[in-house]
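> Next input, structure requested:
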Amino acid sequence: MNQQSYYGIIGNGETSALVSPTGSIDWFCLPAFDGNMVFSKALNPQVGESLYLELFDGEEGILPKKFSQNYIKNTNILVTEIEYRPVKLKIIDFMPWKGISETIREKRYIFRILEVHNKTRQRKSIRINLATEKRGEIKDRDFIEGKNFALGFYIEKNMLELKSRGNRETRIILSYGETKARAESLLNKAKRIDVKDELEKTERFWKNWLARGKKISFKDKDYENMYSRSLLVSKLLTYQKTGAFLAAPTASFPVTPSTTENWDYRFCWVRDSYFVSRAFLKTGHYEEVRDLLEFLYSVQESDGGWLPLYTIEGKRLRKEISIEVGDEIIRISNAAKNQLQLDSGGSILHATYLYYLFTREKSFLREYWKKVIRAADWIVKNYRRPENGLWELREREHKKRAQWVYGKVMCYVGLESALRIGEILGKRVRPKWDTAKELLKADILKEGWSNQRKAFLQLYDADSQIDISVLAIEDYGLLDPLHTKIRKTIKLIEEKLVTKGFGVKRFEDASLPFYLPTLWLAVHYIRTGNKEKAKKYIDACIRSSTELYLCAEHFDPIKSEQHGNFPQAFNHSMFVEALLSLRERRFTLGFLNVLNFHFKIFLNFLDRITPKKELYLRKKI
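The predicted structure is shown next:
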């Protein structure tokens, strides 16, 4: 498929950078994902700066003619190739992951290997300048400083003498820290670093990490590329220090053209993290899910519930700030922190239950059983409350909260998960959980259904919008995918949410398709055996992704454009689930689907032969 170029991403589990097809760094926050926007041209080209390269042939500046980007296979090492009239420039960008190198104790570097090839038969003197829009040329050992960060630059050499058809290399290293002294200390070590050796170690790390999980192959290489890229970018958006998952590494990228709907996504949403945890579990990346759950249980509120999102350090967000820049608004932090979203607790409890099903780590359930009790009690006490819903619509203020079907389903899922965890541990569970669960199921199937529109709708409102999230009713087995009411719901979804080019909107008022809803509908068709129809929606998403198989939040299936924060983790996690279910002809999300009869026999057998061993042994990388 001929996807469009956009941005590549590199990262180190602490922060990340977006690199444009022309080799400029257009997004970079320090000292962490949610820190200062040092480079932000990707957000606002008029105001934001970038770190860009200028090439000179003698004293004459030369301009790029064409460019392309790719990743070294099965890694997050980015390769950008730029054609100039006399030369070809190849840039290898990567950030080392902590713990993979004996020579680098701190991972706070961006390594850039620049290879220049002389395409002519004449000798060439090529000068490479590093610059930003406001500061001009950046020289060796220069620093950019701001609040709580400093960024230093080491430039090995910027003048390259090229023989006829010859090649030369140089290196640029960026080091960062909370202070100039810290960044300078790292920069002083830069000259002694064997960058090629670090490249080999980083390549080996990513390939080993991906190989640790489930490998699947497709005849269609676009499917295979999207599967591996989605896993790799999901890992890239984990915050190694705490185990938190980011929704996205960017802030305020508008969700549609010419809109003020632009939010800061550089935080850990419970819901988004739940989607990503499902993808990691199904592909064998269990350690990331355990770290996430430990993080989420550490921030559980005193009443047993959770806020919709937390900082990656596990703190409450500060007040959202809106900054007017011309006709645009840039938002820092996120006011969704004040919302009520009922799906949070159910998502965490179900992720906990799924973690056990895939790892058999009963000790983990014992460790967090008291927190599970508090979470289930919170659901029983609060599931009747109106809420803001999973899409966090700003027009629904506190007095306009509603009864969202998706939130109710996830409350049901949370109680079912708690009951099953209790059964696994042999605990006496609270009868009120089971009572509330059965009341919830009956309530969802009655109040969520509209006789007027002949479908399950977004809200307990007979004239509400159709919303892709009502497919959670079939996801968790409340109704069979072939049930008459599900069929009728799908019919309305197809009429109201499917756009030209097989994109799918979240709900009727949405203006553009969204990757996750499009893949959600594809999964429904996989479940019902209509794989060809499912592939139409999957193909639409892949066609609309970038040439690097990366996805923003929304997309235009006709123009193949990205809209919203980029890349978005739970869209990529849904790609993993959809492609897995397409390849394996099953979708293991609900309860009974995971523990099928033969799998139960296998697990019981394991319990008998290895009573003191756990199926999953954690290994730190």
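
> In terms of secondary structure, what does the host helix or strand of Ala442 contact?
Using DSSP states H and E, Ala442 sits in helix 431-447. Packed against helix 431-447 by the contact rule (3 or more C-beta pairs under 8 Å, 6 or more residues apart in numbering; DSSP states H and E) you find helix 362-382, helix 405-425. All C-beta spots, glycine's among them, are computed from the backbone N, C-alpha and C.

> Average the pLDDT values over the last one and round to the nearest integer.
This points to helix 405-425. For helix 405-425, mean pLDDT is 98.

> follow-up on the earlier one: orientation of the helix holding Ala442 relative to helix 405-425 in degrees?
150 degrees (axes from the mean of the first three to the mean of the last three C-alpha atoms, to 10 degrees).

> related to what we said a few turns ago, out of the helices and strands packed on helix 431-447, which is closest to Ile172?
Closest approach to Ile172 among the helices and strands packed on helix 431-447 is made by helix 362-382 (43.9 Å; C-beta to C-beta).

> in stretch 219-238, what counts as buried?
222-238 (16 or more other C-beta atoms under 10 Å).

> so Thr179 sits right up against Gly152, yeah?
No: Thr179 is not in contact with Gly152 according to C-beta atoms under 8 Å; the separation is 11.0 Å.

> out of the two, which sits in the more crowded spot?
A count of neighbours by other C-beta atoms under 10 Å puts Gly152 above the other of Thr179 and Gly152, at 26 against 13.

> For that one, which residues are in contact?
Going by C-beta atoms under 8 Å, 6 or more residues apart in numbering, Gly152 touches Arg141, Asp142, Phe143, Leu174, Ser175, Tyr176, Lys180, Ala183, Glu184, Leu186, Leu187.

> Next up, phi/psi of the closest residue to it other than its chain neighbours, please.
Excluding the flanking residues, the one nearest Gly152 by C-beta to C-beta, 6 or more residues apart in numbering is Leu187, at 4.0 Å. Per-residue torsions, Leu187: phi -70, psi -40 (degrees, to the nearest 10).

> Surely Gln46 is in a helix?
No: counting by DSSP: H, G, I helix; E, B strand; the rest coil, Gln46 falls outside a helix, being coil.

> State the distance from the closest residue to Asn334 other than its chain neighbours to Arg583.
Nearest non-adjacent residue to Asn334, counting by C-beta to C-beta, 6+ apart: Asp264, 5.0 Å away. Relative to Arg583, Asp264 is positioned 36 Å away (C-beta to C-beta, to the nearest Å).

> Comparing the two, which shows the higher neighbour count?
Using other C-beta under 10 Å as the criterion, Asp264 and Arg583 rank with Asp264 on top: 23 against 16.

> and the nearest residue to Pro96 once chain neighbours are set aside, what does it touch?
Sequence neighbours aside, Lys107 is the residue nearest to Pro96 in space, at 5.0 Å (criterion: C-beta to C-beta, 6+ apart). By C-beta under 8 Å, 6+ apart, the contact set of Lys107 is Asn12, Gly13, Glu14, Met95, Pro96, Trp97, Lys98.

> A strand includes Lys107, no?
No: counting by three-state DSSP, Lys107 falls outside a strand, being coil.

> Distance from stretch 225-232 to the middle of the chain?
11 Å (C-alpha atoms, centre = their mean, to the nearest Å).

> I meant stretch 232-241, not that one.
8 Å.

> got a list of contacts for it?
9-11, 13-14, 16, 32-33, 71, 74-76, 97-98, 206, 209-210, 244-246, 248-249, 268, 276, 279-280, 285, 288, 291-292, 312-313, 550, 567, 569, 572-573, 576.

> Among the residues you listed, name the buried ones.
For the contacts of stretch 232-241, buried by 16+ other C-beta under 10 Å: 9-11, 13-14, 16, 32-33, 71, 74-76, 97-98, 206, 209-210, 244-246, 248-249, 268, 276, 279-280, 285, 288, 291-292, 312, 550, 567, 569, 572-573, 576.

> so of the residues you listed, which ones are in strands?
Residues of these located in strands (DSSP state E): Ile9, Ile10, Gly11, Ser16, Tyr71, Ala244, Phe245, Cys268.

> mind showing which ranges of the stretch 101-250 of the chain have poor pLDDT?
101-105 (pLDDT under 70).

> Need the residue in the chain that's farthest from the chain's center.
Farthest-out residue of the chain from its mean C-alpha position, per C-alpha atoms, centre = their mean: Gln122, at 47.2 Å.

> Surely that residue and Ser164 touch.
Yes: using C-beta under 8 Å, Gln122 is in contact with Ser164, at 6.4 Å.

> Count the neighbours of Tyr355 for me.
Quick note: Tyr355 (other C-beta under 10 Å) scores 22 neighbours.

> and it, what element?
Tyr355 belongs to helix 343-359, assigned by DSSP H and E.

> pLDDT (mean, whole number) over that helix?
Mean predicted lDDT for helix 343-359 stands at 97.

> Give the other helices and strands that it contacts.
Using 3+ C-beta pairs under 8 Å, 6+ apart, helix 343-359 sits against helix 270-282, helix 286-298, helix 362-382, helix 405-425.

> mind giving me the domain ranges of the chain?
8-209, 213-596 (automatic domain parsing).

> Tell me which of those approaches Met1 most closely.
domain 213-596 (5.1 Å).

> And that closest one, how far out from the chain middle?
12 Å.

> Contact partners for the residue farthest from the centre of the chain?
Ser164.

> Show me what Thr132 bridges to in the sheet.
Note on Thr132: beta-bridge partners by DSSP bridges are Gly136.

> So which residues of the stretch 501-621 of the chain form helices?
Ranges of helices in the stretch 501-621 of the chain, per DSSP state H, counting those that start in this stretch, are 515-527, 531-544, 569-584, 597-609.

> Save these as a markdown table, and put in mean pLDDT and distance to Glu361 too.
Compiled in a markdown table, these are given as follows (pLDDT from 0 to 100; distance: least, C-beta to C-beta, whole Å):
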| stretch | mean pLDDT | distance to Glu361 |
| --- | --- | --- |
| helix 515-527 | 97 | 27 |
| helix 531-544 | 97 | 33 |
| helix 569-584 | 94 | 21 |
| helix 597-609 | 47 | 12 |
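
> Show me the one of those helices that comes nearest Ser344.
Across the helices of the stretch 501-621 of the chain, closest to Ser344 is helix 569-584 (C-beta to C-beta), at 14.1 Å.

> Which neighbouring elements make contact with that closest one?
helix 221-236, helix 270-282, helix 515-527, helix 531-544.

> is it true that the residue nearest to Asn334 touches Ala336?
No: assessed by C-beta under 8 Å, Asp264 is found out of contact with Ala336, at 9.6 Å.

> ok, Gln339 - contacts?
By C-beta under 8 Å, 6+ apart, the contact set of Gln339 is Pro308, Glu387, Asn388, Glu392.

> contacting residues for the first one?
By C-beta under 8 Å, 6+ apart, the contact set of Pro308 is Trp269, Val270, Arg271, Ala336, Lys337, Gln339, Gln341, Ser344, Glu392.

> now Asp556
Here Asp556 is in contact with Gly503, Leu512, Pro513, Ser544, His563 (C-beta under 8 Å, 6+ apart).

> If it is in a bridge, with which residues?
So, taking DSSP bridges as the rule, Asp556 has Glu561 as bridge partners.

> That one and Arg331, how far apart?
Asp556 is 23 Å from Arg331, by C-beta to C-beta.

> hmm, back to that, right, so of the domains of the chain, which gets closest to Asn2?
Going by C-beta to C-beta, the one of the domains of the chain nearest Asn2 is domain 213-596, 8.2 Å.

> Hmm, Pro481 is touching His524, no?
Yes: the pair Pro481 / His524 is scored as a contact, 6.3 Å apart, by C-beta under 8 Å.

> Are there residues contacting both of those two? Which ones?
Glu474.

> Go ahead and confirm Lys139 touches Thr132.
No: Lys139 is beyond contact range of Thr132, at 12.0 Å (criterion: C-beta under 8 Å).

> Between those two, which is the more surrounded one?
Thr132 (18 against 12).

> I'd like to check which residues are in contact with that one.
Phe39, Glu49, Ser50, Leu51, Tyr52, Ile138, Ile144.

> so the fifth one bridges to which residues?
Judged by DSSP bridges, the bridge partners of Tyr52 are Ala131.
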